[in-house]
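Trainee: Sequence plus predicted model, see below.
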Amino acid sequence: MTDAIPIETKLPPLRRKLAELKQEWETGQRRLAALEAQRQDIRDTLLRIAGAIQVMQELLGETVEEPSLPRPAAG
């Protein structure tokens with residue numbers, strides 16, 4: 001029969017691991033928020049560029065065709 005390890009012995013390592021996991025989760029949340037903000041900035045830039053392309057095509061008398069305009073990915 002094996003000797004059981006008292007729960008008091010197991011608690012400190014479990015608490016350390018829990019604290020480590022919480023820190024990793026918080027770091028991941030901050031990184032995700034930063035990436036989402038960057039994605040929105042890029043989407044805004046692409047929309048401005050698409051608008052500028054459309055205006056330039058109209059000024060040049062070109063037919064504005066929907067497929068020729070770059071479209072940002074939905075998200």
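Mentor: Thanks, I have the structure now.
Trainee: Can I get stretch 40-50 in PDB, CA atoms only?
Mentor: The C-alpha coordinates for stretch 40-50 follow below in PDB (Å, rounded to 0.1, in the frame of the first residue of the first chain):
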ATOM      1  CA  GLN A  40      -9.200  47.500 -36.500                       C
ATOM      2  CA  ASP A  41      -6.500  50.000 -37.400                       C
ATOM      3  CA  ILE A  42      -5.500  48.000 -40.500                       C
ATOM      4  CA  ARG A  43      -9.200  47.600 -41.500                       C
ATOM      5  CA  ASP A  44      -9.700  51.300 -41.200                       C
ATOM      6  CA  THR A  45      -6.600  52.000 -43.400                       C
ATOM      7  CA  LEU A  46      -7.800  49.500 -46.000                       C
ATOM      8  CA  LEU A  47     -11.200  51.200 -46.100                       C
ATOM      9  CA  ARG A  48      -9.600  54.600 -46.600                       C
ATOM     10  CA  ILE A  49      -7.400  53.200 -49.400                       C
ATOM     11  CA  ALA A  50     -10.400  51.600 -51.100                       C
END
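Trainee: gap between it and the chain center?
Mentor: 16 Å (CA atoms, centre = their mean, to the nearest Å).
Trainee: now stretch 34-42
Mentor: With CA atoms, centre = their mean, you get 7 Å for stretch 34-42.
Trainee: Could you do stretch 13-29 as well?
Mentor: Distance of stretch 13-29 from the chain centroid (CA atoms, centre = their mean) equals 21 Å.
Trainee: Now for Gln23: which residues touch it?
Mentor: For Gln23, no contacting residues are found, by CB atoms under 8 Å, 6 or more residues apart in numbering. (Each C-beta comes from the backbone N, C-alpha and C, glycine too.)
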